[in-house]
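*Asks:* show me the folded form of this:
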Amino acid sequence: MRKLVVAVALALGAPLALAQVQGVSKNEIVLGTAQDMSGPAVPFSKPAVNGMKMRIDEINDAGGIHGRKLKLIVEDHGYDPKKAVLAANKLTQKDKIFAVIGPLGTPTNLAAMPIYFDKNVPHLFPLSAAREMFEPLHKLKYSTAATYYEQIHVGLKRLVKEKGYKKVCTLYQDDDFGIEIARGGEQALKDLGMTYTERTTYKRGATDFSSQVQKMQSAGCEIVALGTIIRETIGVIGTARKLGWNPDFLGTTAAYLDLIHKLGGPAMNGFYTMGTMNYPYADDPSANVRKWYQQYKEKFKEDPNLSAVYGYQFITLFQLAAEKAGPNLTVDSLVKSLDSIVVPRDMFGADEVRFTPKNHLGTNRAKLCQIQNQKWVCLTDYITE
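*Replies:* Below you'll find the model as predicted:
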């Protein structure tokens, strides 16, 4: 009789335990994302959300994950850390999400992460390449982005060695994002027995860079490591060209978008940056990428950019981990799955993603790429030195 009572209790308790997993029900998994849908980083966030929705529709049309459909709730933080905190509170307390996926921004994620952790909500694959997205090690935070620090470290070191620059400078956004890039370049120069010839900053939202450019021009800078995003990258390089000053410029994945050459025009030719995959174009050599490109364009009535690929990949990575976690999806089972998952290079040329219990950064490698004839071309495969 005692054994029968225990068996009945366990049988009744199993669905109850499952029901207590936030964001997971018999038929649905609720995911959230916090994006800039109204501020300066919309060109990153809007396509990323579209990419997520595209992949979610494909997964749901195929039956979901162990019979559960995915639902995505999008919150707009406008690239404002205070609004990111409000978004995190809503997603965790009102919407009861299981995990936040692909949230955008370094300052916004740094402000919001403690809220997700307090509610035991995994913080997965943020659209930020700051080291804080995976360090210090935390059970609930995982990143797939090669860090800004390492990107500029290896990229600048490679170019200085190849081109023999003597005067290296940096211009960066005066916040966590920009400082990370400046430090990576500083380490590259330290490795080579050098230091910055000049360093200067700008405030987030700035539109005039003439004083910074003139300062670097006066210092005779031969290459400038940029801690800039889209508008600022175009503004800095465009200002330099108007002044007749033509040094080399090196950016990070934050500036690896087609908007750089689409909006900046021929003045952007020659701009170097670090990329985490080949940039997708309608005439991509891969038939699979061309097909994906057209499907995205038909669905959203616009061309996809790299952020659309990121969003698509983030959901795919979650799918693989959740499927491996099994029908009884919990935070612990997802973490266990992520800590043992290995995802090979995909059709976009993205690097292999591999997590371990002691390393929650999927890859820390990037390619050196350049705008040539107003189109991104990768000059190397993944480099580490």
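*Asks:* contacts for stretch 346-359, please.
*Replies:* Residues outside stretch 346-359 that contact it (Cβ atoms under 8 Å, 6 or more residues apart in numbering): 134, 137, 142, 144, 146, 276-278, 280, 286, 288-289, 292, 309, 313, 316-317, 338-345, 361-363, 365, 382. In this view, the C-beta of every residue, glycine as well, is placed from N, C-alpha and C.
*Asks:* and that stretch, which residues are buried?
*Replies:* 346-351, 353, 355 (16 or more other Cβ atoms under 10 Å).
*Asks:* now swap in stretch 112-119 and tell me
*Replies:* Using 16+ other Cβ under 10 Å as the test for burial, stretch 112-119 gives 112-113, 115-117, 119.
*Asks:* what's the answer for stretch 259-270, then?
*Replies:* If you call a residue buried by 16+ other Cβ under 10 Å, then stretch 259-270 has these buried ones: 259-261, 264, 267-269.
*Asks:* what distance separates the start and the end of it?
*Replies:* End-to-end distance of stretch 259-270: 15 Å, with Cα to Cα, to the nearest Å as the criterion.
*Asks:* which among the contacts of stretch 346-359 end up buried?
*Replies:* 134, 142, 144, 146, 276-278, 280, 289, 292, 309, 313, 316-317, 338-339, 341, 343, 361-363, 365, 382.
*Asks:* give me the subset of those residues that lies in helices.
*Replies:* Mapping the buried ones among the contacts of stretch 346-359 onto helices (DSSP state H) picks out 289, 292, 309, 313, 316-317, 338.
*Asks:* let me have these in JSON lines, extended by pLDDT.
*Replies:* Formatted as JSON lines, the entries for these read as follows, by pLDDT from 0 to 100:
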{"residue": "V289", "pLDDT": "97"}
{"residue": "W292", "pLDDT": "98"}
{"residue": "V309", "pLDDT": "97"}
{"residue": "Q313", "pLDDT": "97"}
{"residue": "T316", "pLDDT": "98"}
{"residue": "L317", "pLDDT": "98"}
{"residue": "L338", "pLDDT": "98"}
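*Asks:* between those, which is closest to Y79?
*Replies:* Each of those was scored against Y79 by Cβ to Cβ, and V309 proved nearest at 20.7 Å.
*Asks:* in contact with the closest one, which residues?
*Replies:* Counted by Cβ under 8 Å, 6+ apart, V309 has contacts 51, 277, 280, 348, 350.
*Asks:* so, low pLDDT: which residues of the stretch 251-385 of the chain?
*Replies:* Scanning the stretch 251-385 of the chain for pLDDT under 70 picks out nothing.
*Asks:* and the strands in it?
*Replies:* Secondary structure of the stretch 251-385 of the chain (DSSP state E, counting those that start in this stretch): strands at 272-275, 342-343, 353-354, 367-371, 376-378.
*Asks:* do the same with the stretch 1-150 of the chain
*Replies:* With DSSP E, counting those that start in this stretch, the ranges of strands along the stretch 1-150 of the chain come out as 28-35, 69-76, 99-101, 123-124, 141-142.
*Asks:* and these as CSV, adding mean pLDDT?
*Replies:* What follows is these, written out as CSV (pLDDT from 0 to 100):
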stretch, mean pLDDT
strand 28-35, 98
strand 69-76, 98
strand 99-101, 98
strand 123-124, 98
strand 141-142, 98
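*Asks:* could I get those as JSON lines with distance to L159?
*Replies:* Converted to JSON lines, the strands of the stretch 1-150 of the chain look like this (distance: least, Cβ to Cβ, whole Å):
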{"stretch": "strand 28-35", "distance to L159": "33"}
{"stretch": "strand 69-76", "distance to L159": "37"}
{"stretch": "strand 99-101", "distance to L159": "34"}
{"stretch": "strand 123-124", "distance to L159": "33"}
{"stretch": "strand 141-142", "distance to L159": "31"}
